[in-house]
Structures are given as C-alpha cells and as structure tokens.
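> the following comprises the amino acid sequence and a computationally predicted model.
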Amino acid sequence: MKRREFIQFLGGTSLAASQMGMLSSCSQFKTLKKLPFVPVSPSKEDQLVLADGFNYEVMISWGEKINSAGEKFGFNNDYTALLPFKGKSDEAILWVNHEYPDPTFCSTRADRAKSTIDKERKEVGGSLLKVKKDSKTGNWNIDRESPYNRRLDMNTKIPFDSGVKIEGTNTAIGTGGNCAGGVTPWNTFLTCEEVYVMFYGDRDRVTRKFKREKLRWDLHYDHPPEHYGWVVEVEPLTGKAKKLTGLGRFFHECATTVALSDGRAVCYMGDDTENQCLYKFIASKPGSLEEGELFVADTDAGKWISLDRNKQEILKKTFKNQLEVSIYTREAAKLVGGSPQNRPEDIEINPRNNDVFFTLTNNKLKNNWHGSLLKISPKNGNHESEQFSSKTFLVGGESAGFSSPDNICFDPKGNLWLASDVSGSKLGKGPYAAFPNNGLYYIPMAGPLMGNVYQVASAPVNAEFTGISFTPDGKRMIVSVQHPGEKSKSLKDLKSHWPEGGSSIPRPAVVQISGPSLEKLLS
Ligand code: FEO
Ligand code: CA
Ligand code: CA
C-alpha cells in the first residue's frame with residue numbers, strides 16, 4: 001500500500017502519534033505465503049512443548065532472589081512488558097505482574113493465621129527487572145545485581161492520583177490481582193487489579209454490607225475494599241506508582257493505550273466477569289491519564305456512552321459525585337446501557353489498520369464455552385470517536401483449534417499471537433475434550449493464511465500462557481507460564497513438576513522464546 005493510501009486507510013488527520021511512527025515501518029509488515037513450522041497438536045504432557053524451530057529458556061521463576069535487599073520474584077507471573085532503559089538499544093526494564101497467591105505453594109497452609117497471610121501478601125503485585133541483551137547469544141538476560149530491580153506488593157504504599165481520598169485516605173496499602181496491563185505513550189507501565197475481591201472482599205454501595213472471599217486477608221487487615229480494583233501506573237526506573245481513579249474500578253483485565261496526535265491518550269479496558277462491559281477513557285491532557293472522560297461500549301448500537309455524571313441524569317440521581325461513579329463503575333455502566341459481554345480479557349490494537357481486538361474468553365452463564373475475538377473499528381480510524389462498527393473476528397471451538405482466548409499480542413511484523421485460558425478444572429473434559437492443556441497460537445493477519453490459527457506451543461499441566469511480549473530489538477518473545485499444577489491438592493500430590501521436572505514442586509516462570517522458526521516469522 002502506498003503511503004497516501006495508507007493514511008486514508010487509517011483515517012487521515014485523526015492518526016495517533018504511534019501510528020504515524022508506524023507509517024515508516026509499514027512496509028515491514030510480514031505477509032506469509034507459507035508457514036515456516038509444523039504446528040503442534042494439543043498435548044497433555046507436563047512440558048512446555050514447542051513446534052519445530054522454537055526453543056525456550058526460563059528467565060526467572062517464582063521465589064528467586066531479585067536484588068541485594070533479598071526481595072523475591074512473586075507468584076503467578078502474568079503480564080510482561082519491556083521499556084527501553086535510558087535510551088539504550090540493548091537494555092530494558094522488564095515489568096512482570098504477579099496476580100494471586102496459591103496457598104498450596106505460597107503459604108503451604110490453609111489456615112488464615114496472620115503469619116500465613118503475611119507470606120501471601122508478598123507474592124502479588126509486580127516485579128521491575130533490569131534486562132540486558134547478550135551480544136553473543138542474542139538472548140535478553142536479567143541483571144540480578146541491578147539496583148533497578150524491585151518489587152511492588154500488598155505492602156507498598158500507593159497514592160490515588162490527583163490527591164483523591166477514598167474511605168478517608170489518599171493512599172492505598174498495596175496492589176494485588178495484577179492480571180494484564182499496558183504501557184503508556186510516555187513510557188510508564190500500567191498494571192491492572194483484576195479479581196481484587198479475593199483479598200479484602202467487597203462492600204455494597206448502599207447497604208455497606210461486606211461480601212467476604214476465600215483468602216480472608218480482612219481478618220488481620222482492615223484495608224477498605226474500595227482501595228482495590230484500579231489501574232496502577234508505575235514508573236520504570238523508580239517504581240513510583242499511583243492508582244488511576246478516572247479509569248474506573250472493576251475487574252480490570254488490561255489497559256491498552258494509544259496516543260492521539262496531540263499527545264493525549266485513549267485507553268481501552270475490559271471487565272473480566274460474565275456479562276460485564278468494555279470501556280474506554282479519553283484523557284483530557286497530554287502525557288497523563290489522571291483527568292478525562294470514561295465511556296462504556298454499547299456494542300449493539302456501535303457507540304461509546306459517556307459515564308460523565310454531568311451528562312447523564314441517571315448517574316446524577318444515583319451517585320454523589322464522579323468519584324462515586326468511578327468506585328462503582330459496573331453499576332454506573334449498566335444504568336446507562338453498557339452491553340454485557342462474554343468475559344472481556346485482553347485488548348490489542350492492530351498496527352496495520354487501527355482496529356481494536358478484544359478477547360471474549362467464554363461465558364458459562366450463556367453456555368458459551370469457547371469464546372471469540374471481537375474487532376471494533378473506530379469511525380474513520382479515530383480513537384476519539386464515539387461511534388464504531390464491530391465484527392466477530394474469530395470464534396473459538398474444536399474446529400477453530402483454540403478455546404477461551406485470553407492474552408493476545410501483535411508481533412513487530414503485525415501478526416497476532418494468542419494464548420488460551422481454559423480453567424485447570426475443565427481442561428480435557430466435557431466441551432473442552434479437545435483441549436487437554438492450554439496453548440499458544442500464531443495467527444497471520446494478511447495474505448493467504450490470514451485468520452488461520454496455528455498452535456505454536458502447549459503449556460505444562462494446569463498452566464496457561466500469559467503476558468506475551470517482544471524484546472525491544474523485535475527478536476525474542478517473552479511469555480509467562482502461569483499456575484502450572486494449580487490443581488495439586490497438596491505438596492505430596494502434585495499435578496505438575498514444571499519447569500524443574502523430577503519430583504520438584506511446579507513454579508510459575510517467565511520464559512524467553514527464540515529459534516529459527518521465530519526468526520523467520522519476525523524477519
Ligand atoms: Fe487474570 Fe482475566 O485473567
Ligand atoms: Ca488474563
Ligand atoms: Ca483468564
């Protein structure tokens with residue numbers, strides 16, 4: 001496509017800055033005529049099985065020391081992202097989310113004593129790790145001695161943005177449930193608090209009645225549940241963080257931002273629960289997500305509905321102020337007509353044409369077992385537009401070769417990677433008989449193979465692949481392997497021994513993928 005046609009294709013003047021940068025590299029998008037590897041078949045092996053011409057090595061696994069202060073890499077690694085370190089091409093800061101602790105492994109006891117809970121509180125949040133490319137092997141390795149390596153966990157004090165006070169204080173203690181995330185156009189990380197209720201429960205807006213959840217951290221800590229369920233912005237070099245209250249509070253899966261030409265950002269988000277909604281936030285100032293307007297998607301009408309209390313009578317009647325709308329976003333979204341979805345998970349923007357891809361993983365309440373990928377095309381390619389068209393891009397199922405799409409990532413050549421998340425208790429059973437373990441898939445986005453789904457990897461027993469990202473040189477893929485052996489009833493009855501094998505306990509770990517087949521896809 002010629003440059004002029006491409007600009008028209010993207011929607012002319014509404015082009016995001018990041019897409020402008022992309023124009024110069026659009027000729028580098030990869031259109032495959034033939035697949036350079038033989039896809040793997042679904043497997044039930046307790047291994048990270050890879051197609052021919054792909055290799056992996058573990059970068060870091062749960063419990064490893066990350067700095068001289070003795071801080072340790074947390075449990076259940078999820079989202080990963082890299083930002084260049086001080087402008088260097090071969091150094092970066094890697095962010096890794098730690099979603100939730102599994103008492104079987106983290107505290108080894110089912111009791112809810114304070115000492116047990118204190119162990120678990122250190123396992124969630126995120127890790128910042130300095131990485132450097134090895135000029136001989138091309139692999140990106142963690143510098144274990146770097147002073148930039150640090151943890152955020154449930155003990156880290158994190159202020160709310162703009163000095164906002166919630167339940168009487170402007171600072172929350174800790175972050176948890178960190179599932180997926182995003183990076184901002186100004187190079188900070190976003191980490192999303194998903195199933196926050198598992199830690200301190202939740203509370204009804206009107207009656208203030210508590211709903212308690214299994215981890216029961218509220219037994220020893222009286223942290224307000226309203227302090228969790230936010231998107232948290234983290235500076236890569238300092239670890240300084242803030243909770244972004246304008247982006248709403250719900251089961252935040254991810255936060256995918258795109259820059260407008262004036263430097264303001266638009267952030268797309270989803271609420272990972274059956275029949276919850278898709279959101280976007282349009283910032284009102286460049287370089288910040290502190291102020292702006294939150295919208296919920298009406299996918300039937302193809303429009304974004306404002307959650308600005310001053311624009312919606314029903315919100316004015318129901319909520320005291322805009323902060324209350326934010327704290328109870330789900331309730332507000334339903335009042336204005338947000339469309340219920342099949343558990344929104346990851347969101348990514350197609351670099352070829354500005355379409356926004358949403359994974360809808362499944363919805364057991366509607367007997368939707370395999371989920372789909374939804375594609376939203378903003379009107380005129382303009383992410384600020386309140387109108388869009390939408391279309392289902394792929395539907396999961398045995399014939400499609402995948403089920404329950406969760407994490408997605410466009411590679412540097414504009415093709416799509418997808419990871420599935422069939423829950424550990426259902427893998428290989430009933431509607432999931434064709435899917436004994438979860439997988440990682442490659443989907444060409446142009447040419448004769450466009451939209452075909454090819455399995456590249458099979459995860460160890462009970463695990464899912466999460467947090468797909470690429471190193472700044474575009475040569476290595478980084479992937480989390482989360483919750484191997486999660487169905488183990490005790491340390492004496494283990495369902496997985498990955499990655500160490502033998503009789504070892506399973507460990508969530510971050511791996512880096514390389515090899516000639518990957519090189520062919522990324523060259
Ligand atoms: Fe943590 Fe929505 O997966
Ligand atoms: Ca997820
Ligand atoms: Ca999931």
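Cool, got the structure. Numbers count the residues shown, from 1 in each chain. Ligands and ions are numbered 1, 2, ... in the order given.
> for residue 90, see how far away the nearest residue to residue 519 once chain neighbours are set aside is.
Nearest-residue entry for residue 519: residue 475, 7.4 Å, with adjacent residues in sequence omitted and distances by C-beta to C-beta, 6 or more residues apart in numbering. All C-beta atoms are positioned from the backbone trio N, CA, C, and that covers glycine. Counting by C-beta to C-beta, to the nearest Å, the gap from residue 475 to residue 90 is 11 Å.
> check residue 445 too.
29 Å.
> got it, and residue 416?
Counting by C-beta to C-beta, the gap between residue 416 and residue 90 amounts to 27 Å.
> that older thread, neighbour-wise, which of residue 445 and residue 90 wins?
residue 445 (24 against 15; other C-beta atoms under 10 Å).
> so the more buried one sits in a helix?
No - the assignment for residue 445 (DSSP: H, G, I helix; E, B strand; the rest coil) gives coil, which keeps it out of a helix.
> quick check: phi and psi on it?
Backbone geometry at residue 445, expressed as degrees, to the nearest 10, gives phi -110, psi 10.
> ok so, going back, residues in contact with the residue nearest to residue 519?
For residue 475, the contacting residues are 138, 514, 519, 522, by C-beta atoms under 8 Å, 6 or more residues apart in numbering.
> what's the answer for residue 84, then?
With C-beta under 8 Å, 6+ apart, residue 84 has these contacts: 91-92, 187, 472.
> mark which of those residues are buried, thanks.
Under a neighbour-count criterion of 16 or more other C-beta atoms under 10 Å, the subset of the contacts of residue 84 counted as buried comprises 91-92, 472.
> okay, the residues you listed in JSON lines with distance to ligand 2 and pLDDT next?
Compiled in JSON lines, the buried ones among the contacts of residue 84 are given as follows (distance: C-beta to the ion, whole Å; pLDDT from 0 to 100):
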{"residue": "91", "distance to ligand 2": "28", "pLDDT": "98"}
{"residue": "92", "distance to ligand 2": "23", "pLDDT": "98"}
{"residue": "472", "distance to ligand 2": "24", "pLDDT": "96"}
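> adding secondary structure and distance to ligand 1, write these out as a markdown table.
Below are the buried ones among the contacts of residue 84 laid out as a markdown table (DSSP: H, G, I helix; E, B strand; the rest coil; distance: C-beta to the nearest ligand atom, whole Å):
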| residue | secondary structure | distance to ligand 1 |
| --- | --- | --- |
| 91 | strand | 29 |
| 92 | strand | 24 |
| 472 | coil | 26 |
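> what about residue 225, distance to residue 204?
Counting by C-beta to C-beta, the gap from residue 225 to residue 204 is 10 Å.
> which bits of the stretch 401-523 of the chain sit near ligand 3?
Along the stretch 401-523 of the chain, the residues adjacent to ligand 3 under the rule C-beta under 5 Å from the ion are 406, 421.
> what's the burial count for residue 399?
8.
> try residue 270
30.
> can you confirm it is in a helix?
No - with three-state DSSP as the criterion, residue 270 is strand rather than part of a helix.
> test my guess that it contacts residue 340.
No - at 11.9 Å, residue 270 and residue 340 do not qualify as touching, with contact defined as C-beta atoms under 8 Å.
> now list whatever residues contact both of the two.
Taking C-beta under 8 Å, 6+ apart as the contact rule, residue 270 and residue 340 both touch 276-277.
> how much space separates residue 297 from ligand 2?
With distances taken as C-beta to the ion, to the nearest Å, residue 297 is found 19 Å from ligand 2.
> just residue 286 next, same as before
In this structure, residue 286 and ligand 2 are 30 Å apart, going by C-beta to the ion.
> ditto for residue 198
Counting by C-beta to the ion - residue 198 and ligand 2 are separated by 15 Å.
> check the secondary structure at that residue for me.
In the three-state summary, residue 198 is assigned as helix, counting by three-state DSSP.
> find the residue at the geometric middle of this protein.
When C-alpha atoms, centre = their mean is applied to the chain, the residue found nearest the centroid is residue 180 (1.8 Å).
> show me the contacts for the nearest residue to residue 240 once chain neighbours are set aside.
Once its chain neighbours are removed from consideration, residue 240 has its nearest residue in residue 234; the separation is 7.3 Å (C-beta to C-beta, 6+ apart). Contact partners of residue 234, counting by C-beta under 8 Å, 6+ apart, are 95, 126, 128, 152, 188-191, 240-241.
> out of those residues, list just those in strands.
Secondary structure assignment by DSSP state E places 95, 126, 128, 152, 189-191, 241 of those in strands.
> is the helix or strand that contains residue 469 anywhere near ligand 2?
Residue 469 is part of strand 464-470 when elements are defined by DSSP states H and E. No - under the criterion of C-beta under 5 Å from the ion, strand 464-470 makes no contact with ligand 2; the nearest approach is 5.9 Å.
> what's the helix or strand just after that strand in contact with?
Scanning the chain past strand 464-470 towards its C-terminal end, the next helix or strand to appear is strand 477-482 (assignment: DSSP H and E). The contact list for strand 477-482 (C-beta under 8 Å, 6+ apart) reads 48, 59, 76-80, 82, 94, 96, 99, 140, 411, 417, 419, 440, 457, 459-460, 463-471, 498-499, 508-514, 518.
> cutoff 6 Å now
Applying C-beta atoms under 6 Å, 6 or more residues apart in numbering, the contact partners of strand 477-482 are 76-78, 80, 463-470, 508-513.
> how many residues are close by the residue of the stretch 301-450 of the chain found nearest ligand 1?
In the stretch 301-450 of the chain, the residue found nearest to ligand 1 is residue 345; the distance is 5.0 Å by C-beta to the nearest ligand atom. Burial of residue 345, expressed as a neighbour count using other C-beta under 10 Å, amounts to 27.
> wait, it touches residue 253, no?
Yes - when contacts are counted by C-beta atoms under 6 Å, residue 345 is listed as touching residue 253 (5.3 Å).
> what sits in contact with each of these two?
Shared contacts of residue 345 and residue 253, defined by C-beta under 6 Å, 6+ apart, are found at residue 272.
> what does the stretch 301-450 of the chain put close to ligand 1?
345, 406 (C-beta under 6 Å from any ligand atom).
> residue 389 - that's part of a helix, no?
No - the assignment for residue 389, made by three-state DSSP, is strand rather than a helix.
> pretty sure residue 468 contacts residue 416?
No - checked against C-beta under 6 Å, the pair residue 468 and residue 416 is beyond contact range at 9.9 Å.
> neighbour-wise, which of residue 225 and residue 204 wins?
Counted by other C-beta under 10 Å, residue 225 and residue 204 do not tie: residue 225 has more neighbours, with 21 against 10.
> what sits closest to residue 58 if chain neighbours are left out?
Leaving out its chain neighbours, residue 58 is closest to residue 509 (C-beta to C-beta, 6+ apart), at 4.9 Å.
> hmm, I was thinking of residue 270
Of all residues apart from its sequence neighbours, residue 344 sits closest to residue 270 (C-beta to C-beta, 6+ apart), at 2.8 Å.
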